[in-house]
Every structure is written in structure tokens, then in C-alpha cells.
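**Student:** next input, structure requested:
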Amino acid sequence: MPLSEITNVRAAPVNAARRLAKRSFRNSDRRFLAEGPQAVREALGRPGSVVELFATAEAGERHPELLKGAAAADLPIHRVSGSVMASIAQTVTPQGLVAVCRFLDVPLALDPAPRLVALLAEVRDPGNAGTVIRVADAAGADAVVLTRSSVDVYNPKCARASAGSVFHLPVTVEADLPATVEALRAAGVQILAADGAGPDDLDTLDDAGDLTAPTAWLFGNEAWGLPAELRALADRVVRVPIHGRAESLNLATAAAVCLYASARAHRRPARP
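**Tutor:** Numbering: from 1, shown residues only. Okay, the predicted model is just below:
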């Protein structure tokens, strides 16, 4: 039987979804929005993540496999008009699909010890945080940890910037950085802080084989980087070498370089 279309922007399920644009309601409901076909696809691929799905008729025709997947999981599917979708979506040009999802964050697992972790300290920009989550996923990291003073990982822009990677790897939020560093070090994980003025050079560490150890990379705020008290938590402070005339690298680019350097080192055949 075809789904009836919701055209009233004040309908109860629409109101419940729209309020998740605000952090206070996300926290109280323990739910957030995943918008667009890519995010919805990845959300459906993590069983138990999706609560319900909103879709326009046009989006349903373009992506019938997503509606079939939601139906197979026995999830509520709301067919909505374009105006209703626009009231829920957080983008200027909605793609016609929004999933309401349960919070995903988990405590950092240390048994077995992780091989590669991204630690985000006081990272405030949701686009940067989401991009680092995506990079960490691509590099095969075991986890991403955000400190208490970092951006809300469920911010719509952060979730979109992760391109679905937030559903792929464990994410820990509201972490106490000194306690997390202490626990990682006790588990045999070295702490490397990325800083443009660091005394250690990334290429030199790689050449010396120092990146083969389990590593947690510590990344700081976009504007002011890592203050001295956070750099002091690290075993080494590492700079990415600048071979051209650029003044520096932005956070997401530096994270990509550092995480991939470790991922490559971890996969390199052992030296005889």
C-alpha cells in the first residue's frame, strides 16, 4: 500500500525530527539527523542506528534501495512533501532523505590496545571535526576521541562532513584529555602531538621507524593549535615538513598526513 504523504510541517513526527537541529534536544533525546543518501546508506549499514526515515517521493524513486533497506529493518518510513523536507533538513538544497539516528558514542576501548587513534582537543569547527573523522576512517584508525571542549559530533555539519564515517568507527566524546592520554600510554600507545613548531620532523620519525608503534595523534584547535599544557601530555611534538612556501597546513590536511603516515608505517613489512 503506497505511503500517504505528510504535507503538514507541524505534524508530530516532523516536529520531533526538526527539534534535533538544537544540541539540547539532541542530548535529551539521544538522537541526531543523518542527511542525504550517503549518510542514510551508511546509517542503515550499522544495525540499530536508525530510528526512522523521512523521504520525498522523488528521493524514493532515485534511491529505492534505501527505502527497501529501511523497510526490511522494519523502520518507520515517512513520505513527506518538499516543504516538509526543507523544514527538517539542514542544507540549502536538501537531497530528500533524512534519517533520525541514535547516538553512537562509546567509551574508548583499550583491550586490545588500539593501533591508531585520533585525539581532537578543543576542535571547534564541525566541518573540520567531521573531516578528521572521515580521514581517520579512511586511514583505518581504531577510534576518534573528542575532548569535552570540542564540537558536538552530532552537529548536522559535522555529521555531513564525516560522509557517513561517523557510523564506521568508534567515536568517544566528552573525554577528559589527561585521563585519556594516561590510559592510552598505560596500554602501550605512544602519544604524538601534531604542531607546526614541533621539534620532531614527521619524515625523520618515519625514516627511523618510530611510527610503527601503536600511536594516538593529538590535534589541537584550528586557530591556536595546542597550548603548552596539552603539548606537555605528548611523548613527542611533531611537525609536518613544509617543503614549499605555504605558511602552514590546516587541521584536516595535517591530520590526513599524520594519520596516513602512521597507517603506512603500520602496514610496512618488518625490517630484517
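
**Student:** show me what the longest helix seen in the chain is packed against.
**Tutor:** Longest helix of the chain, by residue count under DSSP state H: helix 251-267. Counting contacts by 3 or more C-beta pairs under 8 Å, 6 or more residues apart in numbering; DSSP states H and E, helix 251-267 packs against strand 116-120, helix 126-138, strand 190-194, helix 202-207, strand 215-219. C-beta here means a position set from N, CA and C on the backbone, and glycine is covered the same way.

**Student:** any chance of the ones you listed in TSV, plus mean pLDDT?
**Tutor:** Listed next are these as TSV, based on pLDDT from 0 to 100:
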stretch	mean pLDDT
strand 116-120	98
helix 126-138	96
strand 190-194	97
helix 202-207	96
strand 215-219	98
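
**Student:** turn these into a markdown table, columns for mean neighbour count.
**Tutor:** Conversion of the helices and strands packed on helix 251-267 to a markdown table gives the following (neighbours: other C-beta atoms under 10 Å):
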| stretch | mean neighbour count |
| --- | --- |
| strand 116-120 | 28 |
| helix 126-138 | 23 |
| strand 190-194 | 23 |
| helix 202-207 | 15 |
| strand 215-219 | 27 |
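
**Student:** so for residue 80, which of these sits nearest?
**Tutor:** Closest approach to residue 80 among these (C-beta to C-beta): helix 126-138, 25.3 Å.

**Student:** now the strands for this protein?
**Tutor:** Taking DSSP state E to define them, one finds strands in the chain at 5-6, 31-35, 50-55, 77-80, 97-102, 116-120, 143-147, 171-175, 190-194, 200-201, 215-219, 236-239.

**Student:** could you tell me the least trusted of these?
**Tutor:** Lowest mean pLDDT of these: strand 5-6, a mean of 93.

**Student:** return the distance of that one from the chain's centre.
**Tutor:** Put simply, strand 5-6 sits 32 Å off its chain's centre (C-alpha atoms, centre = their mean, to the nearest Å).

**Student:** returning to what we had before: could I get the strands of the chain as CSV with distance to residue 41?
**Tutor:** Formatted as CSV, those follow (distance: least, C-beta to C-beta, whole Å):
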stretch, distance to residue 41
strand 5-6, 23
strand 31-35, 9
strand 50-55, 11
strand 77-80, 15
strand 97-102, 9
strand 116-120, 23
strand 143-147, 20
strand 171-175, 18
strand 190-194, 32
strand 200-201, 40
strand 215-219, 28
strand 236-239, 36
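
**Student:** closest to residue 13 out of those strands?
**Tutor:** strand 77-80 (5.7 Å).
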